[in-house]
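Enquirer: Provide a 3D model corresponding to the input given below.
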Amino acid sequence: MRGFGFLIGSALLLASPAVRAAELKAGPLFVICSATNERIASNCQAFTEGFVLGLAGAGAICPPPDAYKDVIKDLVRLPRAEIGDKTVAELLVPRLRVRYPCSGV
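Expert: Numbering: from 1, shown residues only. Modelled structure (predicted):
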């Protein structure tokens, strides 16, 4: 059974525009994904996996099954200044579209 973070991540792209992932700040996700506590880090994995699968389900990207692992690695390597006050969508969606394009799109 998938965790709460997974459900939130995948549902955000299907929610009403007022509650979309575009409003979630990337800074807190960076902090969660950088955590060494396994329980906290599992929330990062669940959210990121749900977010990536939500984009894939919407046809925005065509990632391999474990793409969320690379997304997390990339996120925690970003300089904090680059993350700034950006939302999760502003920070990740352009990168994901370049990295995992759908052929024929």
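Enquirer: so how far is Asp85 from the closest residue to Ala67 other than its chain neighbours?
Expert: Taking Cβ to Cβ, 6 or more residues apart in numbering as the measure, Ala67 lies nearest to Val52, with 5.3 Å between them; neighbours along the chain are not counted. Heads up, the C-betas are built off the backbone N, CA and C, glycines and all. As for Val52, its distance to Asp85 is 22 Å (criterion: Cβ to Cβ, to the nearest Å).
Enquirer: settle it for me: which of those two has more neighbours?
Expert: Residue environment comparison for Val52 versus Asp85 gives the larger neighbour count to Val52, 27 against 8, counting by other Cβ atoms under 10 Å.
Enquirer: follow-up on the earlier one: residues touching the residue nearest to Ala67, list them.
Expert: Residues counted as contacts of Val52 (Cβ atoms under 8 Å, 6 or more residues apart in numbering) are Gly9, Ile61, Pro63, Ala67, Tyr68, Val71, Leu96.
Enquirer: again, only this time at 10 Å
Expert: Residues in contact with Val52, defined by Cβ atoms under 10 Å, 6 or more residues apart in numbering, are 9-10, 60-61, 63-72, 92, 96, 100.
Enquirer: for it, give its distance to Val71.
Expert: According to Cβ to Cβ, Val52 and Val71 sit 6 Å apart.
Enquirer: list the residues that contact both of these two?
Expert: Pro63, Leu92, Leu96, Tyr100.
Enquirer: a markdown table for these, including distance to Ile32, neighbour count and secondary structure?
Expert: Formatted as a markdown table, the entries for these read as follows, by distance: Cβ to Cβ, whole Å; neighbours: other Cβ atoms under 10 Å; DSSP: H, G, I helix; E, B strand; the rest coil:
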| residue | distance to Ile32 | neighbour count | secondary structure |
| --- | --- | --- | --- |
| Pro63 | 21 | 19 | coil |
| Leu92 | 14 | 23 | helix |
| Leu96 | 18 | 23 | helix |
| Tyr100 | 22 | 18 | coil |
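Enquirer: so, low pLDDT: which residues of the chain?
Expert: 1-22, 104-105 (pLDDT under 70).
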